[in-house]
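>>> Pasting the sequence and the predicted coordinates here, then a few questions.
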Amino acid sequence: MLQYHSISEKKIKIRSGEINLKENVTAFLNKINDQKDLNAFNFVFEDDSLKQAASVEDKIKNGTSGRLAGMVIAIKDVLSIKNKPLTCSSNILRGFTSVYTATAVQKLLDEDAVIIGKTNCDEFAMGSSNENSAFGNVLNPVNKSRVPGGSSGGSAAAVSARLCDVALGSDTGGSIRQPASFCGIYGIKPTYGRVSRYGLTAFASSFDSIGCFANSVEDMAAVMEVMSGKDELDTTSSYLDVPPYTSELNDNNKKFTIGIAEEYFGQGLSPEIKNAVGKLLNHLKQNGYETINITLPHSKYTIATYYILTTAEASSNLARYDGAHYGYRSDNSSTLIDMYKNSRTEAFGTEVKRRIMLGTYVLSAGYYDAYYRKAQKVRRLIKTDFDNAFKKVDLILTPTSPTTAFKFGENAQDPLQMYLNDIYTTSANLAGIPGMNVPIGNDSLGLPIGAQFLAGQFNESKLFQIAKFIESTF
Ligand code: GLN
């Protein structure tokens, strides 16, 4: 029931009767149940997914089905689906039900995808290991003593363990690419504004983007082709046309110029990852790709800039969870102010509180210029570094993460160490450019290694094409 490599193959098998979609969804549901210990899902939609499967199967048979007909998709629990729970893996939203559906999810439904459930993640998408979830840790299916990465850990684990075909995630500073690399799968964060954020719970609004995880490049391209595009409900979504990513995949022998920035291969990078990326680079060179050394001189400021600006935005975005509007309300308060304070104190987790306090601090009157305003200026310099680089190269190749999947608890007591895990991923969000994780092998412990490709704004096609070339030749 799970014998296919991509959606086009699956569709052919459904049409010919070789795969029955209802049985396929049942097989996924059984697997989800058998692998409950992974804790990848916050909610599983058994009845709805089976009902959807039956109706999509009919459409496929009578030739009226949409582009994603038959694809079984899990949704990170930061995206709204009407009449379904939305928790962001936080106690403050336990019991909350969405009143509308996110545009990205609606577009999948309109093309006949089957939604199987909502996946676990770090609380409000803040974290790199999924250890900050009020719903508990997610285990890495490759090695259960290791974290799956974060914040979209449940989505990555679900795709890697084949509990669904594809999963949506959100990426504010690496939350798709880093867990994809830890779990050995593909993951893409598109250009800022490529996919509507309507219905995505805001963490840092000028950084947040919606993307996906998949086991094949084709599936990833198919989902992004559907989800991308202008949406009147998100003024930051782009009017630019969406290229036909899937049909462009056949054109995967373009000899792109690839930039290598020494800043991404320095101290702290695991030698095994460095070697693996080096091997990939040699492979590309041998196949006629030109490589150029480039420099991204402001790279050393990315982590500081990212954590100043995203905490600032988060402190503002999370002000709405006050006990009055949404979810949890503390009942042992005698005044309104007490109710606000107690609700937030009791229901937010440690990391979320840390970020709200950091963000409030960098925005406060005496420190605004020294931190927030300065970081905005540095963000611009980081963006300019990339603009200059993409005048010379089509793509930039880096490691996705400095280490492979670490053990539970290894970085949990040291927030700075945890933040440093995002060293190669946050720059794409600071610059608003697209990035992708491509699985390229395993380390000596058998843990997956990922390579990251970055492209200029709205150049997702180049990412899909190089990934397709690597998928079929490396
Ligand atoms: N790990 C990063 C953070 O904790 C990225 C999170 C994300 O992309 N949502 O902020």
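In hand now; what should we look at?
>>> From the chain's centroid, how far away is the helix ranked longest in the chain?
In the chain, assigned by DSSP state H, the helix with the most residues is helix 374-392. On the basis of CA atoms, centre = their mean, to the nearest Å, helix 374-392 sits 23 Å off its chain's mean C-alpha point.
>>> continuing past that helix, what's the next helix or strand?
Heading C-terminal from helix 374-392, the first helix or strand you meet, by DSSP states H and E, is strand 395-399.
>>> Pairing partners for that following strand, with directions?
strand 257-261 (parallel), strand 448-455 (antiparallel) (DSSP bridges).
>>> just the CA coordinates of the first one, formatted as PDB?
Read that as strand 257-261. This file holds the C-alpha atoms of strand 257-261, laid out as PDB (Å, rounded to 0.1, in the frame of the first residue of the first chain):
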ATOM      1  CA  THR A 257      27.100  28.200 -10.800                       C
ATOM      2  CA  ILE A 258      27.500  27.300  -7.200                       C
ATOM      3  CA  GLY A 259      29.000  29.600  -4.500                       C
ATOM      4  CA  ILE A 260      30.900  28.400  -1.500                       C
ATOM      5  CA  ALA A 261      31.200  30.800   1.400                       C
END
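>>> Quick check: buried residues in it?
By neighbour count on 16 or more other CB atoms under 10 Å, the buried set for strand 257-261 is I258, G259, I260, A261. For the C-beta atoms, the positions are set from N, CA and C on the backbone; glycine is no exception.
>>> same question, stretch 217-230
Using 16+ other CB under 10 Å as the test for burial, stretch 217-230 gives 217-229.
>>> Tell me if I'm right that F406 and R146 touch.
Yes: assessed by CB atoms under 8 Å, F406 is found in contact with R146 at 6.6 Å.
>>> hang on, the earlier thing: report the two of the buried residues of strand 257-261 separated the most.
Using CB to CB, the buried residues of strand 257-261 span at most 10.8 Å, a distance reached by I258 and A261.
>>> intersection of neighbour lists for the two?
Common neighbours of I258 and A261, using CB atoms under 8 Å, 6 or more residues apart in numbering, are I396.
>>> So A222: helix, strand or coil?
Using DSSP: H, G, I helix; E, B strand; the rest coil, the structure places A222 in helix.
>>> Next up, the contacts around it.
The contact partners of A222, by CB under 8 Å, 6+ apart, come to S6, I7, R67, L68, M71, Y245, T246.
>>> Which one, of the strands paired with strand 395-399, ends up nearest to S237?
Shortest distance between S237 and those, using CB to CB, is found for strand 448-455: 18.8 Å.
>>> Is that closest one in proximity to the ligand?
No: counting by CB under 6 Å from any ligand atom, the ligand has no neighbours in strand 448-455; the shortest distance is 13.5 Å.
>>> now the next helix or strand after that strand against strand 448-455, angle please.
Sequence-wise, the next helix or strand downstream of strand 448-455 (DSSP H and E) is helix 460-473. Counting by axes from the mean of the first three to the mean of the last three CA atoms, to 10 degrees, helix 460-473 lies at 150 degrees to strand 448-455.
>>> Can you pull the residues of this protein lying near the ligand?
Applying CB under 6 Å from any ligand atom, we find that the chain lies next to the ligand at 125-128, 151, 170-175, 203, 310, 422.
>>> Using ChimeraX, define a selection of the buried residues within the residues you listed.
In ChimeraX, this line selects whichever of these come out buried by 16+ other CB under 10 Å:
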select :125,126,127,128,151,170,171,172,173,174,175,203,310,422
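>>> Now tabulate the residues of the chain next to the ligand in TSV and tack on secondary structure.
Putting those into TSV (three-state DSSP) gives the following:
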residue	secondary structure
A125	helix
M126	coil
G127	coil
S128	coil
S151	coil
S170	strand
D171	strand
T172	coil
G173	coil
G174	coil
S175	coil
F203	coil
T310	helix
D422	coil
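>>> Please identify the helix or strand for G187.
Assigned by DSSP H and E, G187 belongs to strand 186-189.
>>> Identify each buried residue in stretch 359-371, please.
Neighbour-count burial for stretch 359-371, counted by 16+ other CB under 10 Å, picks out G359, T360, Y361, V362, L363, Y371.
>>> Averaged pLDDT, it. What do you get?
Averaging pLDDT along stretch 359-371 yields 96.
>>> Show me what it is in contact with.
Under CB under 8 Å, 6+ apart, the answer for stretch 359-371 is I308, T310, T311, A312, E313, A314, S315, S316, Y372, A375.
>>> Can you tell me which of those residues is nearest V44?
A314 (28.9 Å).
>>> and the closest residue to V78 other than its chain neighbours, what is it in contact with?
Computed as CB to CB, 6 or more residues apart in numbering, the closest residue to V78 that is not its neighbour in sequence is T201, at 4.5 Å. For T201, the contact set (CB under 8 Å, 6+ apart) comprises V78, L79, S80, L86, C88, F124, A125.
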